[in-house]
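> the following comprises the amino acid sequence and a computationally predicted model.
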Amino acid sequence: MSKKHIEECVRESLQGYFRDLGGETPDGMYDMLVRVVERPLLEVVMQQADHNQSRAAEWLGLNRNTLRKKLVEHKLL
């Protein structure tokens, strides 16, 4: 899957979100989107890294402590 395909999936999902709102004003979209994308990202990367936090942090371009904090926030530890 290419970056372009992922971008298109996100774009289509957001367009569907606005359709579902039916003209209502959205609120807190940025935080909502980060939350719904971050958890599956962490789950898949941790699985692919055999739950090695140092390796996963490197792949994600994060400090290991930052990754650990995010894993705790998402109740993945």
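Received it, and whenever you're ready, just let me know what you need.
> switch to C-alpha atoms for all contacts and neighbour counts from now on
Noted.
> how far does stretch 34-41 sit from the chain's center?
2 Å (C-alpha atoms, centre = their mean, to the nearest Å).
> I meant stretch 50-68, not that one.
14 Å.
> switch to numbering from 74
All set: I'll call the first residue 74, so the last point we hit is now stretch 123-141.
> show the end-to-end separation of it, please.
With C-alpha to C-alpha, to the nearest Å as the measure, stretch 123-141 spans 15 Å from end to end.
> then stretch 91-110?
End residues of stretch 91-110 are separated by 17 Å (C-alpha to C-alpha).
> tell me the mean pLDDT for it?
The predicted model assigns stretch 91-110 a mean pLDDT of 94.
> which helix or strand contains R141?
R141 is part of helix 137-146 when elements are defined by DSSP states H and E.
> packing partners of that helix?
Judged by 3 or more C-alpha pairs under 8 Å, 6 or more residues apart in numbering; DSSP states H and E, helix 137-146 is in contact with helix 126-133.
> can you pull the alpha-carbon coordinates of the helix it packs on into PDB?
What follows is helix 126-133, C-alpha atoms only, in PDB (Å, rounded to 0.1, in the frame of the first residue of the first chain):
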ATOM      1  CA  GLN A 126       9.600  -0.900  21.900                       C
ATOM      2  CA  SER A 127      13.000   0.300  20.900                       C
ATOM      3  CA  ARG A 128      12.600  -1.100  17.400                       C
ATOM      4  CA  ALA A 129       9.000   0.200  17.100                       C
ATOM      5  CA  ALA A 130      10.100   3.700  18.300                       C
ATOM      6  CA  GLU A 131      12.900   3.700  15.700                       C
ATOM      7  CA  TRP A 132      10.500   2.800  12.900                       C
ATOM      8  CA  LEU A 133       8.000   5.500  14.000                       C
END
